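Chemist: kindly generate the corresponding structure for this input.
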Amino acid sequence: MDLYFKSNTLTHTGDRFTLAIGGKYYADYFYEGLGGGAANVAIGVSKMGLQAAVYGKVGKNRFTDIIVKQLNDHHVCKDFCDITTDYSKISTILLSETGERTIINYETPHEHMFATDLDLGKLLEGRAVYISNLPHVSLAERVKMLRFLKKHERFVFENLGTKDCRRPLEQIEQLLLHVDALILNGHEFSELVKKPYEDIDFRKDVRSLFTPLQNKILVVTEGPKGSYSYSASGILHQEAVKPERVVDTTGAGDGYTAGFIAEYLKSKDIGRAMSKGAHYAVKILERVGAN
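Modeler: Predicted coordinates:
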């Protein structure tokens with residue numbers, strides 16, 4: 001669950017909120033919405049006409065019915081969700097007047113998504129799988145999942161968050177070996193290849209900076225600078241689509257990913273997929289909520 005708060009009393013200096021310890025602040029605006037990378041992408045893909053399902057944990061708590069209803073409302077299959085006790089994932093999101101946000105996230109620590117190989121087999125219901133950022137799931141379990149999907153010839157899209165990108169290169173290589181397409185932002189890529197962001201020229205084929213990326217589709221998003229892709233089609237650049245007004249930046253990256261995945265699965269055209277991703281990301285920027 002994502003809990004949004006917006007108020008003029010949330011003072012900030014430069015790019016940081018400045019809240020007093022012991023202070024009390026009153027929000028002018030509150031919004032409660034479904035979040036999480038997997039749900040955001042699944043909802044976006046569903047809106048673009050594909051069938052989508054989420055495989056993941058849902059806490060059995062006061063938010064369960066809200067989460068299930070929102071998945072149903074967006075025609076996303078929830079049959080593979082593990083509704084379990086002793087689990088929560090909640091984000092409190094503070095919004096500035098310009099739509100920038102600060103996120104405070106809590107997720108119950110866990111290492112496992114699959115209790116048995118039968119659970120793992122449920123992933124074969126889809127012809128393609130998107131693996132969102134999973135910092136709490138063990139490396140061994142994710143590698144097992146990737147090997148399983150490759151064995152059964154499923155197309156795998158993956159996102160690696162900052163925590164995974166900061167892993168030693170040999171561990172990152174394990175997470176990329178059986179992936180077909182990697183989608184991440186420029187700063188995450190910088191962490192992945194262990195090079196300063198300012199020293200990376202994304203106009204060149206940056207896959208050369210890390211050998212396991214060769215022969216993969218790599219997509220790097222750069223916010224207002226647009227996005228780049230690197231593949232057998234060469235290097236492509238998609239200009240950012242300018243929103244009329246930025247209301248909330250939460251979920252814009254997931255929106256791009258959803259648009260890219262949906263169009264790529266339909267047409268196999270990377271350029272068209274990047275355009276669809278850019279246009280759908282703008283729709284997310286222009287409203288509150290991650291999907």
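
Chemist: and for residue 237, the neighbour number?
Modeler: Applying other C-beta atoms under 10 Å, we find 14 residues neighbouring residue 237. The way it works is simple: take the backbone N, C-alpha and C, and place the C-beta from them, glycine included.

Chemist: now it: which helix or strand?
Modeler: Residue 237 is part of strand 234-238 when elements are defined by DSSP states H and E.

Chemist: check the offset of that strand from the chain's centre.
Modeler: With C-alpha atoms, centre = their mean, to the nearest Å as the basis, strand 234-238 stands 21 Å off its chain's centre.

Chemist: go on, stretch 274-291?
Modeler: So, by C-alpha atoms, centre = their mean, the centroid of stretch 274-291 is 13 Å from its chain's centroid.

Chemist: before we move on, what about stretch 87-98?
Modeler: With C-alpha atoms, centre = their mean, you get 15 Å for stretch 87-98.

Chemist: where do the strands sit along the stretch 51-200 of the chain?
Modeler: Secondary structure of the stretch 51-200 of the chain (DSSP state E, counting those that start in this stretch): strands located at 52-53, 56-59, 76-77, 81-84, 89-95, 101-107, 128-131, 155-158, 181-185.

Chemist: same list (these) but as JSON lines, adding mean pLDDT, mean neighbour count and distance to residue 288.
Modeler: Formatted as JSON lines, those follow (pLDDT from 0 to 100; neighbours: other C-beta atoms under 10 Å; distance: least, C-beta to C-beta, whole Å):
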{"stretch": "strand 52-53", "mean pLDDT": "97", "mean neighbour count": "22", "distance to residue 288": "22"}
{"stretch": "strand 56-59", "mean pLDDT": "91", "mean neighbour count": "20", "distance to residue 288": "22"}
{"stretch": "strand 76-77", "mean pLDDT": "96", "mean neighbour count": "20", "distance to residue 288": "20"}
{"stretch": "strand 81-84", "mean pLDDT": "91", "mean neighbour count": "15", "distance to residue 288": "24"}
{"stretch": "strand 89-95", "mean pLDDT": "93", "mean neighbour count": "19", "distance to residue 288": "7"}
{"stretch": "strand 101-107", "mean pLDDT": "92", "mean neighbour count": "13", "distance to residue 288": "10"}
{"stretch": "strand 128-131", "mean pLDDT": "98", "mean neighbour count": "20", "distance to residue 288": "24"}
{"stretch": "strand 155-158", "mean pLDDT": "98", "mean neighbour count": "20", "distance to residue 288": "26"}
{"stretch": "strand 181-185", "mean pLDDT": "98", "mean neighbour count": "23", "distance to residue 288": "21"}
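
Chemist: so what strands line up beside the helix or strand of the chain with the lowest mean pLDDT?
Modeler: Lowest mean confidence among the helices and strands of the chain (mean pLDDT, DSSP states H and E): strand 12-13, at a mean of 86. Applying DSSP bridges to the sheet, strand 12-13 is found paired with strand 16-17 (antiparallel).
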